[in-house]
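[1] Got a sequence here, can you build the structure:
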Amino acid sequence: MMQGNYNRQAVYSTRRKRRRRREILRRIKICLLTFVVTAAVVCATVFIFGLIKGQQYDEGFIPSPYGSNVSERVEKAEELEIPDWIDVQLIHPHNTARSEIRLTDIKNIVIHYVGNPDTTAQNNRDYFDKESTTVSSHFIVGLDGEIIQCLPLYEKSAASNHRNKDTISIEVCHPDETGKFSGETYRSVVKLAAWLCYEFDLDEKDVIRHYDITEKICPKYYVEHEDKWVELKNDIENEIALLKKK
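    Here you go, the predicted structure:
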């Protein structure tokens with residue numbers, strides 16, 4: 001009888017040890033699985049964050065470090081002397097209108113129209129300078145051909161969407177709803193665009209419209225009249241040629 005009890009206890013003890021080992025192994029598996037999942041989540045988070053950071057840098061939302069990974073054109077823009085026919089009135093740093101973030105390159109000159117007929121260059125410059133404003137451009141060309149510079153040439157504007165990172169923007173005033181530039185305004189746009197192309201080793205093919213980036217109807221008249229846009233670029237080409245002869 002005692003032997004039978006002893007055998008039953010031995011069997012019970014063996015089963016209990018087996019259950020305990022299985023429980024320990026189950027907990028180990030759970031811990032390992034948790035570790036693997038956690039590690040995978042961490043790695044995925046780091047990878048995604050890296051992609052986001054890379055995308056932000058590509059879009060110009062993270063400043064390029066001074067002296068490294070910066071285009072020669074951007075470095076030249078820091079030293080470039082602004083001619084006296086340009087009225088320099090830089091807006092103050094605020095929000096996104098002037099973020100003080102450096103360009104990554106200067107690949108194109110983008111022409112815009114202000115979309116607000118009969119407003120002056122000064123009107124639009126002062127609008128950019130308001131604390132609540134989130135748009136800006138490097139230059140504004142006025143109704144009488146006056147040119148105001150609003151941003152340093154090495155900083156990004158808030159005008160050309162995902163191309164803010166590597167473009168110089170020119171907003172142009174117009175007298176009426178058609179968006180057509182006045183004669184004085186037109187001549188100043190040609191002069192300014194040609195000078196920028198000359199200084200940054202670009203040509204008339206590098207002068208584009210906001211429309212060419214996003215298909216927004218801007219500058220309106222020169223989107224709706226393609227022949228006039230071609231004419232404008234031809235005039236810029238001729239002006240560049242004159243600058244090269246000097």
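
[2] how is the protein carved up into domains?
    Per automatic domain parsing, the domain ranges recorded for the chain read 1-58, 72-245.

[3] what is the mean pLDDT for the first one?
    Okay, so that is domain 1-58. Across domain 1-58, the average pLDDT comes to 60.

[4] repeat for the last one
    On average, the pLDDT along domain 72-245 is 97.

[5] Out of the domains of the chain, indicate the one that is most buried.
    Neighbour counts averaged per stretch over the domains of the chain are highest for domain 72-245, at a mean of 19; criterion: mean count of other Cβ atoms under 10 Å. (Each C-beta comes from the backbone N, C-alpha and C, glycine too.)

[6] Next, the distance between the ends of that one.
    Distance across domain 72-245, first residue to last, is 23 Å (Cα to Cα, to the nearest Å).

[7] One more: stretch 81-94?
    End-to-end distance for stretch 81-94: 25 Å, by Cα to Cα.

[8] how much distance is there from that stretch to the middle of the chain?
    For stretch 81-94, the distance between its averaged C-alpha position and the chain's averaged C-alpha position is 21 Å (Cα atoms, centre = their mean, to the nearest Å).

[9] Contacts for that stretch, please.
    Around stretch 81-94, the neighbours that count as contacts under Cβ atoms under 8 Å, 6 or more residues apart in numbering are 97-100, 125, 128-129, 131, 136, 139, 146-152, 191-192, 195.

[10] do that again at 10 Å, thanks
    Contacts of stretch 81-94 from elsewhere in the structure, counted by Cβ atoms under 10 Å, 6 or more residues apart in numbering, are 97-100, 121-122, 125-134, 136, 139-140, 142, 145-153, 155, 188, 191-192, 195, 199.

[11] Show me those that map onto helices.
    Within those, membership in helices is found for 121, 122, 125, 126, 127, 128, 188, 191, 192, 195, 199, as judged by DSSP state H.

[12] Which one of those is nearest to residue 72?
    Comparing the ones in helices among the contacts of stretch 81-94 against residue 72 with Cβ to Cβ picks out residue 199 as the nearest, at 12.0 Å.

[13] now residue 97: how far from residue 192?
    Distance check for residue 97 against residue 192: by Cβ to Cβ, to the nearest Å, it reads 21 Å.

[14] for residue 233, same thing?
    When residue 233 is compared with residue 192 (using Cβ to Cβ), they lie 14 Å apart.

[15] tell me, what's touching the two both at once?
    Common neighbours of residue 233 and residue 192, counting by Cβ under 10 Å, 6+ apart, are residue 111.

[16] Okay, helices next: where are they in the chain?
    When secondary structure is read from DSSP H, the chain shows helices at 2-58, 72-79, 121-128, 183-199, 211-214, 220-224, 226-245.

[17] Which neighbouring elements make contact with the second one?
    The reference is to helix 72-79. Here helix 72-79 is seen to pack against helix 183-199 when contacts are counted using 3 or more Cβ pairs under 10 Å, 6 or more residues apart in numbering; DSSP states H and E.

[18] Looks like residue 161 contacts residue 216 (just checking).
    Yes. Residue 161 lies in contact with residue 216 (Cβ atoms under 10 Å); the separation is 8.5 Å.

[19] Next, show the common contact partners of these two.
    Common neighbours of residue 161 and residue 216, using Cβ under 10 Å, 6+ apart, are residue 210.

[20] Can you give me every residue that contacts residue 199?
    Taking Cβ under 10 Å, 6+ apart as the contact definition, residue 199 lies against 73, 76, 77, 80, 81, 83, 106, 153, 243.

[21] Pipe those into TSV and attach distance to residue 176 per row.
    Output for these, formatted as TSV (distance: Cβ to Cβ, whole Å):
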residue	distance to residue 176
73	36
76	38
77	34
80	34
81	36
83	30
106	32
153	31
243	31
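
[22] of these, closest to residue 212?
    Using Cβ to Cβ, residue 106 is the member of the contacts of residue 199 that sits closest to residue 212, with 16.3 Å.
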